[in-house]
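Undergrad: Sequence first, then the predicted structure, then my questions.
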Amino acid sequence: MIASPESAARVREMLGNPRTSPTQVWGRIARLQGASVDGDYDWMYRQESAHSDWKWISSPPSEWSLDEEDISLISSYRGTRSTAEAAEDSRIRLRKLQRGGVLPDGSHLCWCAGSFILDGCRIKVPYQGLLEILRKPPAGVRLDKIDWRLLLFTIDIAETRLSGIFRETHIDPDWDWDEAAGPRPRRSEVNLVIHPANLFISKKRGGPNFSYGLRTFGKTAWMERWLEYRRDRSIVGKKGMISVPVSLIISRGRLQMRVRRDCGWRKIKVKSDPRLWARIATWSLSPPNHDDRRRLNCIQQYLFAESDSPVLEDSESRGIAFLRSILDSTSRASVDMTSASPERAGRFRVTGSTGLSYSVFPGRGDGGTRFVVESMDHHPDERRALNMWGLHRTRSRICIAETPAMKRLSVGDAIGAAILSLLDDKNSQNGIHTLHSHISSMSHILEPRRSREEEQVNDARMLLERVNRNLMIHSVRRCRDSFPMLWSALLRMPLGERLTFTAIRRGEPNITFDGCDTRFETTCATDRSVIYRMLRASGWMRDRGEEELRGQMRIYIRIGTGVRDLADGIREFSGILQQGLGIDEEGGLLPNPIHSYFERHNPGISALLPGSEGLID
């Protein structure tokens, strides 16, 4: 769910290219006008009706307000006995908070037993921000025209943050346990959460008990969008729930949003302005495919940080690259993107050396792990019986604990290590007792004992996969195959051909040609040093005029074919490859010296060799 830099640039331009200052960004969002945001907060204004002229049958309550001691009492309340005993001297203040007061639209708000209650409905309220608005209304805002009841109910929904996915098969480990009430979904500030509007509209069993109904929000922009979305997608009744990043959080009485800053992800205060609150809530509650929900992702991920700061830390990027390399190196591990069940789409499917299948996905596993491992094979002793909370229990999960060393790694590295263990589950079970127990219990579906020849074939396949994941073997292949193939293409290109040599881009080729599809990727400074010498030896030079014309750096043009015997140049950059990449010619990884893999006699301008007109991997 990471927004693209191009999408972020469009949102930044829409807001007039603000600086990363929260004050400026919030101000630009609140003042945003145009057809694309029409109706984002108009719904918060009161709809006058013929029956709006009502009167109190007794003395009306006072206007709702809090003083510093009230705020201190609310902030420190924990619902424990010691707190209640300490509050004996504040009985008058507690009664005042329980009596509450009226908001400018006539709705009644009070605080009792640790919760705010608005017209009889228990909700979460950003009370300090609300006080700021009531005491000093923003310019152009008439407090009596706002439907505070509707606005605060909407913010209460938008702030709902339940982690994990509701499952019909077992109690999710992302749930807290309450001895009296049973499992309760945990509120998250970091992990993906169930889309609040999806949760509210679907009324999923086990979810929060909202004390207000759908009719309350019939005229809001986000509800109209969901009604349209449901007509297209038929969300109600599906087990799978849509997950989204955390957006709004009420903390210490202030409405906050989780955003990326230069120093990492932080919670920052949303400016106390009812128009801004309504707009951000609308964007947060819009369906996941709506432009406003995507716009909010861009704002959270890009607008409060410098444009050149990475969304993912280097360690996380390396972990994802490691995980990707595992999937690319074997056919027995893949990502399930075709599952009909939304809750299973995107999981890793792994087939072990025993023939058993597993599912691995990010989440809070048994023992506090950052990933969950489930068996995809039917267990003989599995019993599906409803417990007292109406939830199923199964024995499909396999606990693979994280060692202290694994806990220091990124989540990509941790999941990658788990997948490697499952790929070789036949040997991994010797050190993972839970895996051993699972394999032993699944003997009824395992194939009969294989012949010696079949076991040797499987062992050879496992060894080949381990070789493919070895970084040194990767370096050897680049020296033996990739660089010689690029060298042959450089020698055969026609005069006047141009190539562009950009900065290193992880996972993407940074050497491209104008007249053909040949592409090559450099991964380090050693690679670049070798390429510079290869270009010089094969008759290429910098084209400064073309660089100025295109506004790019490192554009080369071929002006000559070079000498007939290229041995001296080859030995020069071959020595750099050997030294920089750590290839030992005496260690047996390369049967011949590196320079022997490069063409020594210049073939001149001619057709490219097979395999060189395209991506040279």
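TA: Yes, it's here. Numbering: from 1, shown residues only.
Undergrad: Please report the residue range of the longest strand in the protein.
TA: strand 254-261 (DSSP state E).
Undergrad: Buried ones in the next helix-or-strand element following it, by neighbour count?
TA: Once the chain leaves strand 254-261, the next helix or strand it forms, by DSSP states H and E, is strand 264-269. If you call a residue buried by 16 or more other C-beta atoms under 10 Å, then strand 264-269 has these buried ones: 267-269. C-beta here means a position set from N, CA and C on the backbone, and glycine is covered the same way.
Undergrad: Then stretch 66-78?
TA: For stretch 66-78, a neighbour-count test (16+ other C-beta under 10 Å) marks 66, 70, 73-74, 77 as buried.
Undergrad: circling back to that earlier point, hey, C-alpha coordinates of the longest strand of the chain in PDB?
TA: Output of strand 254-261 as PDB, limited to C-alpha atoms (Å, rounded to 0.1, in the frame of the first residue of the first chain):
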ATOM      1  CA  ARG A 254      -6.200  15.200  20.500                       C
ATOM      2  CA  LEU A 255      -7.000  14.100  17.000                       C
ATOM      3  CA  GLN A 256      -3.800  12.900  15.400                       C
ATOM      4  CA  MET A 257      -2.700  11.300  12.200                       C
ATOM      5  CA  ARG A 258       0.200   8.800  11.700                       C
ATOM      6  CA  VAL A 259       2.600  10.200   9.100                       C
ATOM      7  CA  ARG A 260       6.100   9.700   7.900                       C
ATOM      8  CA  ARG A 261       8.600  12.400   9.100                       C
END
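Undergrad: how many other residues sit next to residue 443?
TA: 9 (other C-beta atoms under 10 Å).
Undergrad: Name the nearest of the buried residues of stretch 66-78 relative to residue 556.
TA: Minimum distance to residue 556 across these is 68.0 Å, recorded for residue 74 (C-beta to C-beta).
Undergrad: So in that sheet, which strands flank the longest strand of the chain, and in what orientation?
TA: According to DSSP bridges, strand 254-261 has the following sheet partners: strand 248-251 (antiparallel), strand 264-269 (antiparallel).
Undergrad: Which residues does that strand contact?
TA: If you take C-beta atoms under 8 Å, 6 or more residues apart in numbering as the criterion, strand 254-261 is touched by 20, 126, 128-129, 155, 159, 189, 245-250, 265-270, 272, 277, 280, 299-305, 309, 311.
Undergrad: List the buried residues of that strand.
TA: Under 16+ other C-beta under 10 Å, the buried positions of strand 254-261 are 254-260.
Undergrad: again, but for stretch 598-607
TA: Neighbour-count burial for stretch 598-607 [16+ other C-beta under 10 Å]: 598, 602.
Undergrad: Can you give me the end-to-end span of that stretch?
TA: Across stretch 598-607, the terminal residues are separated by 17 Å (C-alpha to C-alpha, to the nearest Å).
Undergrad: any idea how far that stretch is from the chain center?
TA: 48 Å (C-alpha atoms, centre = their mean, to the nearest Å).
Undergrad: Average pLDDT for it, rounded please.
TA: Stretch 598-607 shows a mean pLDDT of 91.
Undergrad: Same check on stretch 516-523?
TA: 92.
Undergrad: Likewise for stretch 149-163?
TA: The pLDDT scores in stretch 149-163 average 91.
Undergrad: Alpha carbons of whichever helix or strand residue 13 is part of, as CSV, please.
TA: Element membership for residue 13, per DSSP H and E: helix 5-14. C-alpha atoms of helix 5-14 as CSV (Å, rounded to 0.1, in the frame of the first residue of the first chain):
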residue,chain,number,x,y,z
PRO,A,5,6.2,9.1,-6.0
GLU,A,6,4.3,10.2,-9.1
SER,A,7,1.0,10.1,-7.2
ALA,A,8,2.6,12.0,-4.3
ALA,A,9,3.9,14.6,-6.6
ARG,A,10,0.4,15.2,-8.1
VAL,A,11,-1.0,15.6,-4.6
ARG,A,12,1.8,17.9,-3.6
GLU,A,13,1.1,20.0,-6.7
MET,A,14,-2.6,20.1,-5.9
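Undergrad: Now do that helix: everything it contacts.
TA: Outside helix 5-14, the residues that reach it (C-beta under 8 Å, 6+ apart) are 18, 32, 36, 294-295, 298-299, 301-303, 307.
Undergrad: Quick check: the farthest pair among these?
TA: 36 and 307 (22.2 Å).
Undergrad: Any buried residues in stretch 24-34, and which?
TA: For stretch 24-34, burial by neighbour count (16+ other C-beta under 10 Å) applies to 25-30, 32.
Undergrad: Nearest to residue 196 among the residues you listed?
TA: Closest approach between the buried residues of stretch 24-34 and residue 196, by C-beta to C-beta: residue 29, at 19.6 Å.
Undergrad: mind checking the SS state of that closest one?
TA: helix (DSSP: H, G, I helix; E, B strand; the rest coil).
Undergrad: these two touch, right, residue 572 and residue 532?
TA: No: at 10.8 Å, residue 572 does not count as touching residue 532 under the criterion of C-beta atoms under 8 Å.
Undergrad: how far away is residue 544 from residue 554?
TA: 11 Å (C-beta to C-beta, to the nearest Å).
Undergrad: can you check residue 328 too?
TA: From residue 328 to residue 554 the distance is 29 Å (C-beta to C-beta).
Undergrad: and if you look at residue 132?
TA: 54 Å.
Undergrad: re the thing from before, residue 544 and residue 554: which is more packed in?
TA: Shown here are residue 544 and residue 554; by other C-beta under 10 Å, residue 554 has more neighbours (17 against 10).
Undergrad: Check the contact between that one and residue 502; I expect there is one.
TA: Yes: between residue 554 and residue 502 there is a contact under C-beta under 8 Å: 6.6 Å.
Undergrad: quick check, residue 361 in a strand?
TA: Yes: using three-state DSSP, the assignment for residue 361 is a strand.
Undergrad: From residue 315, how far off is it?
TA: Look at residue 361 and residue 315: by C-beta to C-beta, they are 21 Å apart.
Undergrad: Neighbour count: these two, which is higher?
TA: Counted by other C-beta under 10 Å, residue 361 and residue 315 do not tie: residue 361 has more neighbours, with 20 against 14.
Undergrad: can I assume residue 367 is in contact with residue 403?
TA: No: if you go by C-beta under 8 Å, residue 367 and residue 403 don't touch, sitting 11.3 Å apart.
Undergrad: Now do the helices in the stretch 1-150 of the chain.
TA: Taking DSSP state H, counting those that start in this stretch as the test, the helices found in the stretch 1-150 of the chain are 5-14, 22-30, 68-76, 81-86, 91-99, 127-135, 148-158.
Undergrad: The stretch 351-500 of the chain too?
TA: 404-407, 411-423, 425-428, 433-441, 452-468, 471-477, 483-492.
Undergrad: Dump the buried residues of strand 264-269 into JSON lines; add distance to residue 41 and pLDDT as well.
TA: Shown next, in JSON lines, are these (distance: C-beta to C-beta, whole Å; pLDDT from 0 to 100):
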{"residue": "267", "distance to residue 41": "22", "pLDDT": "93"}
{"residue": "268", "distance to residue 41": "20", "pLDDT": "94"}
{"residue": "269", "distance to residue 41": "19", "pLDDT": "95"}
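Undergrad: tell me which of the residues you listed is nearest to residue 540?
TA: Using C-beta to C-beta, the buried residues of strand 264-269 come closest to residue 540 at residue 268, 50.6 Å.
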